[in-house]
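Enquirer: Give me a 3D structure for the following:
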Amino acid sequence: MTTVTSPLTGRAIGLAAVPDPVFSGAMVGPGTAVDPIREPTDAVAPVDGIVVSLHPHAFVIVDAEGHGVLTHLGIDTVQLNGEGFELLAAKGDTVRRGDPVVRWNPAAVEEAGKSPISPVVALEATADSLTDLADEGDVAPGKTLFNWV
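Expert: So this is what the prediction gives:
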């Protein structure tokens, strides 16, 4: 089983509340989302594993069980071309849960006209493979968002 913890401080809101049909419709995969606090912050690794994909606005970490977890920092933030995002890890790095991966400012993302709501998705998973899904309430790095069995 993989326990996926929050990469951010904020409020868990559930994928259905994400203002993007690709995520809210779970087309990328099941999971939940975090509405982050509006201050500069580090997005941290939600699992132990290897950074297999890294962009300023999103990253994927694959754990020892082969489970890939996508953290997508905001909605349509790819359009910011990396502005306001600082990479703290590199593709291929081995990270531990809680290690900083990307530094960003959700308030600046919002000021740029984008939503800072951040989906955390279990890639190539089925909805029934996730348990203990946090879809509302306050979260902080290290707090469980869901378990992947």
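Enquirer: Burial check on Gly14, number of neighbours?
Expert: When neighbours are counted by other CB atoms under 10 Å, Gly14 registers 14. Where you see a C-beta, it was placed from the backbone N, CA and C, and this is true even at glycine.
Enquirer: so it sits right up against Glu136, yeah?
Expert: Yes - the criterion here is CB atoms under 8 Å, and Gly14 meets it with Glu136 at 6.5 Å.
Enquirer: Pull up the per-residue confidence for the residue lying farthest from the centre of the chain.
Expert: The C-alpha centroid of the chain is most remote from Glu111, which lies 20.3 Å away (CA atoms, centre = their mean). For Glu111, the model assigns a pLDDT of 96.
Enquirer: got the phi/psi numbers for it?
Expert: phi -60, psi -30 (degrees, to the nearest 10).
Enquirer: show me what contacts Thr2?
Expert: 47, 63, 65, 67, 69, 147-148 (CB atoms under 8 Å, 6 or more residues apart in numbering).
Enquirer: Val69 falls within a strand, correct?
Expert: Yes - the assignment for Val69 is a strand, going by DSSP: H, G, I helix; E, B strand; the rest coil.
Enquirer: Number the residues from 673 up from this point.
Expert: Happy to do that; since the first residue is 673 now, the last one works out to Val741.
Enquirer: What about it, how many residues nearby?
Expert: For Val741, the count of nearby residues is 27 (other CB under 10 Å).
Enquirer: Report how many residues lie close to Gly697.
Expert: A count of nearby residues for Gly697, using other CB under 10 Å, gives 11.
Enquirer: now it: how far from Asp707?
Expert: Gly697 is 18 Å from Asp707, where distance means CB to CB, to the nearest Å.
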